[in-house]
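> can't give you the sequence, but here's the structure:
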């Protein structure tokens, strides 16, 4: 297996409080890697470290190495802005830009990096919406507000928006926690399609979801990586006692 | 019975406090009523388009004062809106430090600047410097009142933009400054526009800052460096004369001014009602 | 990988962030510069007056442009008395309004009613003054002053003839003008009182008014005091309406029926007519005093109100 991301000795803090301790992990290319663990275990912080969104929070800092194709994204002459274009992110709550139309939401990233050609933008917008499996539902309402859609549609709009800037990796931070079961299964299907082209990391508190979609699973507890392996192995034959406890529902 | 007595006190206090509201509304109604009754008959096309005539002569109007008010308020906006909005952007996006908190505090305190003092500042700062009353001096004086209001309303509207929207933009690889300029300001625009319009409504009716900055002029505006007529000052000039037909003009001017300002005040609530409903 | 393309982009974006922050920071600095300039201009331009009269400026009651003797006492007196009078009238009303609109009124009426009250603040001062000259002053002269002098005439406050334009009229018009701000800030402050405070009282079987009295008002006390001070600051700086109804006569009289003069009014009336340097400088010193007083009042009020409003508004998502 080929690693798209290699994390070495990653530590993260909020102020003086350390929330991640010495994380080492490899994320396989064109696979789905799920991060599970009880709330407060640092799983969200971990994935926000992968595209340097962690440091957006005041007083938050991180140390260590995160190699994406051999480039350390924490290298001092790397601009986090470029990293975030290569590594897209979908958040817990759908967050389309409220004052923009559906179409403008999808191409917002491109427009703001200087692409003005309307035709190009229209083409990309259509392609991205198709990839996000939303095109058929919205193709007649492209000028409607993004927030007029249902929660599940909004989340797929956010996925389309992330796809439009052509990232290599997509991070999902509990993307379905605010959605109903039908919308959730649509997004899960979508992730399975997307992994053909993208490397996917998903944080989830829903263990069934991790079992359904992911190829690899990492279990985090108290800011430490407890166990990492193929999803089947983690769910069927966990090596660590605490992993087993979590999976059978003894805590969290 | 104790229970009854408490009930009665409760009822009495409700009525008393409601009466406070009713009494406080009486002056407003009385002002609107008298301004309308006394002003309506003198308002016509001539009144809105002609310049004043000397006392005793019939006709004439406030056309130049209306023109002047737009010019002076326009100058104030040219200075006040950019300064206020950008300072507000700083306070919300970069101001989480001692300097930011100090600016915020100063802006808050500046909102209490007496309007006559703003006029004095316009006089010493601009009029003395250029040696003449001028539209520009009036605009500067009004902008002193405008800047702190716009700064604070902009800051407050920006604070209402959810952090998740900023994160969405940053995660797309949009640099922070573009995120602020296009995404955050775009999301908060209805709040910012409302604040700006309300501050315009506020300064449009100000008289004291203009008395010795833009001064007055019985003719059409003839340059930004010359004295200029404005509605509030013209209303004041007419009101304190002993001539009944000028009093009538003061009422008519008041009617025009109050309509403009009420339209701004009530209008913003409908016009900028969010297109997409945040 | 498009690494090279990205890093070229990167450099320009980084500097974009820097330029933008510096730019908006400059405008923020502008706010402070503005406050500084306000002080500096008025301080420098009032130098002549300060050098000539010293502290005696504050305690002299002569205001004689012909002989060039200037003392601000009558105006300071007029400003303070008219503003206190305004508070005396406005505070009970404002409190009543704030309590009614935040605690006792039916839910549906609250927003429209507070909008109407706040609309009064939008009416230009000069129009309130116009109304004051022709409606309020005659009303006070004909309907309010006679009973006051009949029943309370033994007090020096209500003695002497009443012509309409007077300290009393000035105080009433100021009261009308500060009610919107004191009531709306008091209301905001009252609304920050946590629901559990109210529920604690309601759970004891308290009526709506009792809840307000025992749970809400004590909690909001310092904020309401801040609102009152803010109203006082507004009254002190208010110019046009007062100038139009207070009579503009620089005398110190115990009677509220006699005409008076305020600091803001004397500036409004005499500034353009002031011919000599000393005359102008003295008026500017009055302006400077006005500025200093209103800043102090505002700082005090903000501190009191902030304590309550900041805590509630400070949350970050």
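Sure thing, it's come through. The structure displayed is predicted, hence computed values, not measured ones. Residues are numbered from 1 along each chain as shown, chains lettered A, B, ... in the order given.
> give me the low-pLDDT residue ranges for the chain?
The chain I'm using is chain A. A:1, A:251-252 (pLDDT under 70).
> could you do chain C instead?
C:1-14, C:308-317.
> Point to the residue nearest the middle of it.
Nearest to the geometric centre of chain C sits residue C:234, at 1.0 Å (C-alpha atoms, centre = their mean).
> Low-confidence stretches in the stretch 151-278 of chain B?
Those would be B:271-278, if you go by pLDDT under 70 across the stretch 151-278 of chain B.
> The closest residue to chain C within it and residue A:34, how far apart?
Distance from chain C to each residue of the stretch 151-278 of chain B (C-beta to the nearest C-beta) is smallest for residue B:205, at 2.6 Å. (Glycine included, C-beta is placed from N, CA and C.) Separation of residue B:205 from residue A:34 (C-beta to C-beta, to the nearest Å): 62 Å.
> Kindly report the same for residue B:152.
Applying C-beta to C-beta to residue B:152 and residue A:34 gives a distance of 46 Å.
> So for the two, which sits in the more crowded spot?
For residue B:152 and residue A:34, the more surrounded residue by other C-beta atoms under 10 Å in any protein chain shown is residue A:34, and the numbers stand at 26 against 22.
> where does the more buried one land in three-state SS?
strand (DSSP: H, G, I helix; E, B strand; the rest coil).
> Could you give the bridge partners of it?
Beta bridges link residue A:34 to residue A:202, residue A:217, judged by DSSP bridges.
> who touches the residue in the stretch 151-300 of chain C that chain B sits nearest to in this structure?
Using C-beta to the nearest C-beta, the single residue of the stretch 151-300 of chain C nearest to chain B is residue C:237, 2.7 Å away. Neighbouring residues of residue C:237 by C-beta atoms under 8 Å, 6 or more residues apart in numbering or on different chains: B:112-117, C:264, C:290, C:294.
> Quickly list the domain ranges of chain B.
Per automatic domain parsing, the structural domains of chain B span B:2-42, B:60-229.
> need these in a markdown table with distance to residue C:130, can you?
Putting the domains of chain B into a markdown table (distance: least, C-beta to C-beta, whole Å) gives the following:
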| stretch | distance to residue C:130 |
| --- | --- |
| domain B:2-42 | 8 |
| domain B:60-229 | 11 |
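> Among the ones you listed, which comes closest to chain A?
So among the domains of chain B, domain B:60-229 is nearest, using C-beta to the nearest C-beta, at 3.1 Å.
> next structured bit after the helix ranked longest in chain C?
Scanning chain C for the longest helix, with DSSP state H as the assignment, gives helix C:3-45. Of the helices and strands lying after helix C:3-45 in sequence (DSSP states H and E), the nearest is helix C:47-53.
> Please compute how far that following helix lies from its chain's middle.
28 Å (C-alpha atoms, centre = their mean, to the nearest Å).
> so, in contact with chain B or not, it?
No - using C-beta under 8 Å from any C-beta of the partner chain, helix C:47-53 stays clear of chain B, coming no nearer than 11.6 Å.
> what does that helix rub up against?
C:57, C:60, C:70-71, C:277-278, C:281-282, C:284-285.
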